[in-house]
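In: Using only what follows, build the 3D model:
(one chain, ligands or ions: 1)
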Amino acid sequence: MSEYLFNPPPVAALPIRGESTLFPVNRLFFVGRNYHAHALEMGKPVDKSVEHPFYFTKSIGTLTPSGAAVAYPSETRNYHFEMELVVAIGRAGFRVAAADAHELVYGYAAGLDMTRRDLQLVARDKGRPWDLGKDIEEGSVCSEIVPMPFTVIERGGIELKVNGETKQRSDVDKLIWNIREIIEDLSRFYHLQAGDLIYTGTPEGVGAVVTGDRIEGQVEGVGEVALTIGPAA
Ligand code: MN
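Out: I've put the predicted structure just below:
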């Protein structure tokens with residue numbers, strides 16, 4: 001067996017509630033604008049009758065466990081939280097029908113899609129890729145994975161607090177494209193694989209954090225996620 005020139009990065013993995021084994025993470029997918037009230041606050045309302053969902057990805061190296069203290073990232077003055085329900089894929093699938101989507105579900109998690117909002121909006125308005133605004137080191141935060149095999153979550157409160165003050169409060173029954181529809185649509189473009197995580201989008205109330213802030217979020221029936229913002233990188 002060949003040796004590597006330098007040590008490759010370790011396998012990204014998350015704890016699984018109630019299990020001693022880890023959930024190895026493969027890819028990080030994010031659904032854009034998937035709650036009407038958030039789409040409106042971004043100035044880009046969604047008409048589901050004529051639109052399809054859209055996605056962006058983040059590098060696996062951005063995955064950060066819940067509870068971490070992270071540096072305030074470079075090159076932004078508007079670092080935003082986005083509280084999201086995360087689907088953990090446990091089985092491969094391609095061109096999956098919505099009616100069969102539950103067969104791919106291993107479980108769920110609570111996640112944060114951290115965003116350089118200033119850079120994301122510049123990119124959006126200039127028609128450029130979103131990478132600098134979204135693909136942020138330590139910017140894809142995820143709780144432990146909660147096993148709920150073959151289960152499709154259809155409702156449940158989702159909320160986020162900063163320093164104890166509620167900033168986001170909604171329900172995942174307000175997803176524009178629900179879990180079945182997301183798996184059906186995303187699997188038209190990707191061969192979904194075990195270990196893929198799908199962040200399903202954020203409700204309204206997104207906002208900025210600063211050094212010293214403590215973010216705490218939860219999805220009813222799933223779990224909690226937390227993040228502390230440290231000094232600038
Ligand atoms: Mn998001």
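In: what about stretch 52-66 and the ion, any contact?
Out: No - on the criterion C-beta under 5 Å from the ion, stretch 52-66 is out of touch with the ion, staying 8.4 Å away. For every residue, glycine as well, the C-beta is placed using N, CA and C.
In: ok, now which ones touch the residue of the chain found nearest the ion?
Out: Residue of the chain nearest the ion, by C-beta to the ion: residue 113 (3.5 Å). Counting by C-beta atoms under 8 Å, 6 or more residues apart in numbering, residue 113 makes contact with 30, 82, 84, 134, 139, 140, 199, 202.
In: Touching, the third one and residue 109? I think so.
Out: Meaning residue 84. No - applying C-beta atoms under 8 Å, one finds residue 84 not in contact with residue 109, separated by 9.3 Å.
In: show me what contacts the residue minimising distance to the centre of the chain?
Out: The centroid of the chain falls nearest to residue 199 when counting by C-alpha atoms, centre = their mean (3.1 Å). By C-beta under 8 Å, 6+ apart, the contact set of residue 199 is 28, 29, 30, 31, 84, 85, 86, 111, 113, 140.
In: Same question for residue 81.
Out: Taking C-beta under 8 Å, 6+ apart, we find residue 81 in contact with 112, 114-115, 160, 162, 167-168, 206-207, 209, 215, 217, 227.
In: Likewise for residue 145?
Out: Residue 145 makes contact with 14, 15, 16, 17, 23, 88, 106, 107, 108, 109, according to C-beta under 8 Å, 6+ apart.
In: The residue lying closest to the residue of the chain closest to the ion once chain neighbours are set aside: neighbour count?
Out: For residue 113, ignoring the flanking residues on the chain, the nearest one in space by C-beta to C-beta, 6 or more residues apart in numbering is residue 82 at 4.1 Å. Residues lying near residue 82 (other C-beta atoms under 10 Å) number 23.
In: what does the one 10 residues further on give?
Out: Residues lying near residue 92 (other C-beta under 10 Å) number 14.
In: Hmm, residue 194 and it touching each other?
Out: Yes - contact criterion C-beta under 8 Å: residue 92 and residue 194 qualify, at 6.2 Å.
In: Enumerate the positions of stretch 182-198 that are buried.
Out: Buried residues in stretch 182-198, defined by neighbour count with 16 or more other C-beta atoms under 10 Å: 182, 183, 184, 185, 186, 187, 192, 195, 196, 197, 198.
In: show me what contacts the last one?
Out: Listed by C-beta under 8 Å, 6+ apart, the contact set of residue 198 reads 29, 30, 31, 86, 87, 89, 182, 183, 186.
In: May I have the phi/psi pair for it?
Out: When read as degrees, to the nearest 10, the backbone of residue 198 gives phi -120, psi 110.
In: Give the bridge partners for it, please.
Out: residue 29, residue 87 (DSSP bridges).
In: Which helix or strand contains residue 121?
Out: Using DSSP states H and E, residue 121 sits within helix 117-126.
In: Need the residues that contact that helix.
Out: With C-beta under 8 Å, 6+ apart as the test, helix 117-126 has contacts from 75-80, 128-134, 206, 208.
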